[in-house]
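J.: quick one: sequence and predicted model below, then my questions.
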Amino acid sequence: MSLSALISFSNPLSPALHRSFALKSTNYSVSAAPVACLNVDVRAPVSKQNPSIHEKKSSEIIADDKKYIVGSYARTPVVLSSGKGCNLYDIEGREYLDLTSGIAVNALGHGDPDWVRAVTQQADVLTHVSNIFYSVPQVELAKHLVSGSFADRVFFCNSGTEANEAAIKFSRKFQRFSHPDEKDPPVGFVAFKNCFHGRTMGALALTSKENYRSPFEPVMPGVTFLEYGNTEAAVEFIRSGNIAAVFVEPIQGEGGVYSATKEFLQALRTACDDVGCLLVFDEVQCGLGRTGYLWAHEAYGVYPDIMTVAKPLAGGLPIGAVLVTEKVASSINFGDHGSTFAGNPLVCTAAIAVLDKIANPTFLAGVVKKGNYFKDLLVEKLGGNSHVKEIRGFGLIIGVELDVSASPLVDACQKAGLLILTAGKGNVVRIVPPLIISKEEVERAVDILAGCFPVLDD
């Protein structure tokens, strides 16, 4: 198989470096983060955690977890206690190079000094007041998000699934507002196979995997799943009527790192405009610099009515946001939706610190460069392996599709000091490192990954 067949670049466009953001200036540096060591017995940096934590072994912590915490997670048997840059350390002091970023959350890595400074200073001033009152950081973050996107207004929440729940409600309310004389305005939704939009009941109804939905059925009715990328089928169904909104990820992360095409997204945009339904882009995982664009959809030149974001926005603190156009916002009244914790001063200050860095054109250009280098190295080192079906991705969201389960490879990499994720049907290695990853760390990661591939032959 040729290299061009093995590697898939989702879009040849370079980042939009001409964008102007009304963001406060920062002293951003692109210096390399600490390089991870293959010796996983290296001692961790001195931690400021409660010393009693480090008196316990991993096995004891894991046993306590199983005793006291609801068993909804199939965790990797590693107890992490500290992190710096792209490195994580367990309580025994072993070091790991992190290609998971807390599932695409820690875009600035662990312990970014500007983020830490912003959070600690704000925590010393004001952390939470609820949305009964106004607060400066929430307004400032909203201004930052609006100035750097298609949106006119922002609604804050606490997670990606909450953002999608809000988008569901806003879509239904918009249709009722737009059809005041109709007894039954459009209420249906379109989503796509292999998609993931969250685990709360509305977002779960929009998520295609049966094993996520079936234990909790009946979920919200009225959702139709179409083939991702099938333009003709999508357009035909949308034009059939009764659709409140179309939910789509420009890049499916959980689904296996599949990218949409410009033609597909543009066709959705046109069809939605033709019938008056809303187009919702879920950029919870692929947004905020992960692709080398601030927003993934910018690469395609297609813009939504609503966009949901979350994961990396506050650098590890819980936040979600729903970005909307004025036509959507005008349909929302006092009391239509709300949240106690959302948009509190602490998380919004953290998010401003993150956004200031990620929105820097030099930073975004670096993501593109490192993403291309990462994929080139993967093709060079793994392209000839019989288990590799395809290497695909966009910026620093990369998938390596295998012809077997990726679980043995994940386990072997963890033992060798590298943390990776799976996606799709468990046969895709999902690589979503901190966006600050250095060239040397990319090389080290690919060397470890390639060195562990023989485990797939066992």
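T.: All right, it came through fine.
J.: find the centremost residue of this structure, please.
T.: Taking C-alpha atoms, centre = their mean as the criterion, Gln285 is the residue nearest the geometric centre of the chain, at 1.6 Å.
J.: need the contact list for that one.
T.: Counting by C-beta atoms under 8 Å, 6 or more residues apart in numbering, Gln285 touches Ile103, Ala104, Gly160, Glu249, Ile251, Gly253, Glu254, Lys311, Ile397, Val432. Where you see a C-beta, it was placed from the backbone N, CA and C, and this is true even at glycine.
J.: one more time with 10 Å, if that's ok
T.: 103-105, 160, 196, 249, 251-254, 257, 296, 309-312, 397, 430, 432 (C-beta atoms under 10 Å, 6 or more residues apart in numbering).
J.: where does pLDDT dip in the chain?
T.: 1-54 (pLDDT under 70).
J.: go again using 50 as the cut-off
T.: Residues of the chain meeting the criterion pLDDT under 50: 1-41.
J.: please pick out the residue of it most distant from its centre.
T.: By C-alpha atoms, centre = their mean, the chain has its most distant residue from the centre at Asp181, 39.3 Å.
J.: I figured Gly83 was touching Leu108, is that so?
T.: No. Counting by C-beta atoms under 10 Å, Gly83 stays clear of Leu108, with 11.4 Å between them.
J.: between those two, what contacts are shared?
T.: Shared contacts of Gly83 and Leu108, defined by C-beta under 10 Å, 6+ apart, comprise Gly316, Pro434.
J.: longest helix anywhere in the protein?
T.: The longest helix of the chain (DSSP state H) is helix 361-382.
J.: tell me which strands the next helix or strand after it pairs with, and in which orientation.
T.: The helix or strand immediately downstream of helix 361-382 is strand 388-394, counting by DSSP states H and E. Strand 388-394 pairs in its sheet with strand 7-9 (parallel), strand 397-402 (antiparallel), by DSSP bridges.
J.: could I get strand 388-394 in PDB with only the CA atoms?
T.: What follows is strand 388-394, C-alpha atoms only, in PDB (Å, rounded to 0.1, in the frame of the first residue of the first chain):
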ATOM      1  CA  VAL A 388      -2.300  -0.600  10.100                       C
ATOM      2  CA  LYS A 389      -5.200   0.100   7.800                       C
ATOM      3  CA  GLU A 390      -5.100   3.900   7.700                       C
ATOM      4  CA  ILE A 391      -3.500   6.800   9.500                       C
ATOM      5  CA  ARG A 392      -5.800   9.900   9.400                       C
ATOM      6  CA  GLY A 393      -6.300  13.100  11.200                       C
ATOM      7  CA  PHE A 394      -6.300  16.800  11.200                       C
END
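J.: okay, now Gly395: neighbour count?
T.: By the criterion of other C-beta atoms under 10 Å, Gly395 has 28 neighbours.
J.: I'd say it and Thr291 touch.
T.: Yes. Under the criterion of C-beta under 10 Å, Gly395 makes contact with Thr291 at 3.9 Å.
J.: now Leu355, what's its secondary structure?
T.: Assigned by DSSP: H, G, I helix; E, B strand; the rest coil, the conformation of Leu355 is helix.
J.: could you check which helix or strand contains the residue nearest to it when sequence neighbours are not counted?
T.: Once flanking residues are discounted, Leu355 sits nearest to His144: 5.3 Å by C-beta to C-beta, 6 or more residues apart in numbering. Following DSSP H and E, one finds His144 within helix 136-147.
J.: returning to what we had before: what is the neighbour count of the residue nearest to Leu355?
T.: Residue neighbour count, defined by other C-beta under 10 Å, stands at 21 for His144.
J.: hang on, the earlier thing: tell me the SS of the residue farthest from the centre of the chain?
T.: coil.
J.: please apply the same query to Leu323.
T.: strand.
J.: that one: what's it in contact with?
T.: Leu323 touches 142, 145-146, 148-155, 163, 167, 281, 283, 287, 295, 304-309, 329, counting by C-beta under 10 Å, 6+ apart.
J.: recalculate using a threshold of 8 Å.
T.: By C-beta under 8 Å, 6+ apart, the neighbours of Leu323 are Leu145, Val146, Ser149, Phe150, Ala151, Arg153, Val154, Ile306, Met307, Thr308, Val309.
J.: just checking, the fourth one touches Gly301?
T.: No. With contact defined as C-beta atoms under 8 Å, Phe150 does not reach Gly301; the gap is 11.1 Å.
J.: those two: who's more crowded?
T.: Set Phe150 next to Gly301 and count neighbours by other C-beta under 10 Å: Phe150 wins out with 16 against 12.
J.: now name the helix or strand holding the more buried one.
T.: Assigned by DSSP H and E, Phe150 falls outside every helix and strand.
J.: the spatially closest residue to it that is not a sequence neighbour: what's it in contact with?
T.: Spatial nearest neighbour of Phe150, excluding adjacent residues (C-beta to C-beta, 6+ apart): Tyr303 at 4.4 Å. Listed by C-beta under 8 Å, 6+ apart, the contact set of Tyr303 reads Phe150, Arg269, His297.
J.: can you list contacts of stretch 252-266?
T.: Contacts for stretch 252-266 (C-beta under 8 Å, 6+ apart): 8, 10-11, 104, 192-196, 208, 228-229, 231, 234, 248-251, 285-286, 297, 300-302, 392-394, 397-399, 401, 423-425, 428, 430, 432.
J.: what residues are up against the closest residue in space to Met220 that isn't next to it in sequence?
T.: In space, and not counting its chain neighbours, Met220 is closest to Ala205: 3.8 Å by C-beta to C-beta, 6+ apart. Contacts here follow C-beta under 8 Å, 6+ apart; on that basis Ala205 touches Phe189, Arg213, Val219, Met220, Pro221, Val223.
J.: need the buried ones from the residues you listed selected in PyMOL.
T.: Restricted to buried positions by 16 or more other C-beta atoms under 10 Å, the PyMOL selection for the contacts of Ala205 reads:
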select buried, resi 189+213+219+223
